[in-house]
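Engineer: what's the 3D shape of this:
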Amino acid sequence: MTKLTLTERNTLEKLFNKMNGEDLNLVASLHRKRNRAVSAMEASQFFVGEKVSFKTSIGAIVEGVITKVNVKTIKILAKGRSQTGLPVRYSVSPSLLTKVA
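Structural biologist: Predicted structure coming up:
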């Protein structure tokens, strides 16, 4: 996917400034629809059993195995990450995952 150009962004801003409530609701609906499509495309790149990694909010790298693929999130099982040493389950957005060889 490509980013909008500066001209396109300026045009979009001008359009937003002209919108009423009904127009904004339409844009919000279109945004949700597109967001779901992008999430589905990202999730379709992963499969159960694959090894993946992701960075946590505090910057730690977690590696694990995919146990379930949903449209919006992917379930991951990471070994020995809890204080008890037991596996930890994570639910992560596909956009944050990287495949591990």
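
Engineer: which is the next helix or strand following the longest helix seen in the chain?
Structural biologist: Secondary structure of the chain read by DSSP state H shows that its longest helix is helix 21-43. Downstream of helix 21-43, the next assigned helix or strand under DSSP states H and E is strand 51-55.

Engineer: so how far is the longest helix of the chain from its chain's centroid?
Structural biologist: On the basis of CA atoms, centre = their mean, to the nearest Å, helix 21-43 is displaced by 14 Å from the centre of the chain it belongs to.

Engineer: before we move on, what about stretch 71-89?
Structural biologist: How far stretch 71-89 lies from its chain's middle: 18 Å, per CA atoms, centre = their mean.

Engineer: now do that stretch: distance from first to last residue.
Structural biologist: One end of stretch 71-89 to the other measures 17 Å (CA to CA, to the nearest Å).

Engineer: could you pull out the buried residues of that stretch?
Structural biologist: Under the neighbour-count criterion of 16 or more other CB atoms under 10 Å, stretch 71-89 has 73, 74, 75, 76, 78, 81 buried. For glycine as for every other residue, the C-beta is placed from the backbone atoms N, C-alpha and C.

Engineer: try stretch 30-42
Structural biologist: Neighbour-count burial for stretch 30-42 flags 39, 42 (criterion: 16+ other CB under 10 Å).

Engineer: quick one: mean pLDDT over stretch 34-48.
Structural biologist: Taken as a whole, stretch 34-48 carries a mean pLDDT of 91.

Engineer: fine by me, we can end here.
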